[in-house]
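**Student:** can you look at this prediction? I've put the sequence above it.
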Amino acid sequence: MSNDLHVDAPEGLPFIDISREFDAPVHRVFEAHAEPELVAQWMGPRELSMDISEWDFVSGGRWAYVSTAPDGSQFAFRGMFHTVRPDEFTIQTFEFEGYPDVVAIESLTFEDLGGRTRISIHSVYPTVEARDGMVASGMEGGVDVGYQRLDELLA
Amino acid sequence: MDADDRLDRAFVALGDPVRRRIIARLSRGPATVGELAAPFEISLQAVSKHIGVLEHAELVTRTRDAQRRPVHLNPGALEELTAWIDRYRLIHEQRFRALDALLAPSDEGPDAGPVQQQEDRS
């Protein structure tokens, strides 16, 4: 059994909220976000390779990566870490280069549950249209693959 | 076309990177075929075909009478694409299960290092 994922995209508001618990202490969950060689192992969709060119997980640091699909199509993302407080809280910007100049601001809270950890992500987009358009257009990996995975998940 | 059908067509339509970029462009305002074709190194006809697919999926509309025939995003259609949130959820579900695997305690005991390398993500 995996922990429940909560995703909420309220109608009419340009936000997306995500929360999920992990069966690991907060410092390890934080480390999995902080170290690029660890990030590359989980953050990208599994059928895409994730090539991280920058990942400076400190306040004021930059990040950038390119995802490559099996068919060779590439999706570039970049942003900055505005605030990083270890084991506690981060704020970063997020831009999909296929949807330039639309920048989301994502805050990420790490909550110590005593050996377990809850992370909560609050993403703020410039407009509702940007949220829906960016999410719909920036869905790397292809829709078919997504549905296959959905079947696997539901199996 | 019923809702399921429309959703299927919309997702097929969005399964192509050129069409996703066209949608992304149109989400900032209407544009002519020529304007939509400008960033791509493909023919105007090819872009027209992509727009046809998007139109068929009811993601975009073209003004029939105007000479410029600008292409508009059908905002209702994207809103109806409630499934995008399912895909978003799916991607995060996948992502976080991979993180679960990464965080799983090592079989080699506490000295094996803070995080176990993941051999196989499939």
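**Tutor:** Arrived safely.

**Student:** report how far apart the opening and closing residues of stretch B:29-37 are.
**Tutor:** Terminal residues of stretch B:29-37 are spaced 15 Å apart (CA to CA, to the nearest Å).

**Student:** revised request: answer the last question for stretch B:76-92.
**Tutor:** Criterion CA to CA; first-to-last residue distance in stretch B:76-92 is 25 Å.

**Student:** any stretches of the chain with poor pLDDT?
**Tutor:** Reading this off chain A. A:1-2, A:46, A:135-155 (pLDDT under 70).

**Student:** should've been chain B
**Tutor:** B:1-4, B:6-8, B:64-67, B:75, B:78-87, B:90, B:106-122.

**Student:** which residue ranges of it form helices?
**Tutor:** Assigned by DSSP state H, the helices in chain B fall at B:3-13, B:17-26, B:33-37, B:44-56, B:75-80, B:83-103.

**Student:** was I right to think A:Leu13 contacts A:Tyr125?
**Tutor:** No - under the criterion of CB atoms under 8 Å, A:Leu13 is not in contact with A:Tyr125, lying 9.5 Å apart. Where C-beta positions appear, they are placed from N, C-alpha and C, glycine not excepted.

**Student:** between the two, which one's more packed in?
**Tutor:** A:Tyr125 (23 against 12; other CB atoms under 10 Å in any protein chain shown).

**Student:** enumerate every residue touching the more buried one.
**Tutor:** Neighbour list for A:Tyr125: A:14-16, A:102, A:104, A:131, A:134 [criterion: CB atoms under 8 Å, 6 or more residues apart in numbering or on different chains].

**Student:** check the gap between it and A:Tyr99 for me.
**Tutor:** Distance of A:Tyr125 to A:Tyr99, computed by CB to CB, to the nearest Å: 10 Å.

**Student:** what residues are shared contacts of these two?
**Tutor:** Counting by CB under 8 Å, 6+ apart, the residues touching both A:Tyr125 and A:Tyr99 are A:Met134.

**Student:** show me what contacts A:Thr90?
**Tutor:** A:33, A:57, A:81, A:83-84, A:107-108.

**Student:** cutoff 7 Å now
**Tutor:** Applying CB atoms under 7 Å, 6 or more residues apart in numbering or on different chains, we find A:Thr90 in contact with A:81, A:83-84, A:108.

**Student:** can you check A:Asp87 too?
**Tutor:** Here A:Asp87 is in contact with A:26-27, A:30, A:110 (criterion: CB under 7 Å, 6+ apart).

**Student:** nearest to A:Leu48 among those?
**Tutor:** A:Phe30 (24.1 Å; CB to CB).

**Student:** rewinding a little: compare the contacts of A:Tyr125 and tell me which is most surrounded.
**Tutor:** A:Met134 (25 neighbours).

**Student:** and that residue, helix, strand or coil?
**Tutor:** helix (DSSP: H, G, I helix; E, B strand; the rest coil).

**Student:** quick check: closest non-adjacent residue to it.
**Tutor:** Nearest residue to A:Met134, sequence neighbours excluded (CB to CB, 6 or more residues apart in numbering or on different chains): A:Tyr99, at 4.9 Å.

**Student:** got it, and A:Ala24?
**Tutor:** B:Leu103 (3.9 Å).

**Student:** contacts only, for the residue nearest to the spatial centre of chain A.
**Tutor:** Most central in chain A under CA atoms, centre = their mean is A:Met43, positioned 6.6 Å from the mean C-alpha point. Taking CB under 7 Å, 6+ apart as the criterion, A:Met43 is in contact with A:50, B:95.

**Student:** good, we can wrap up now.
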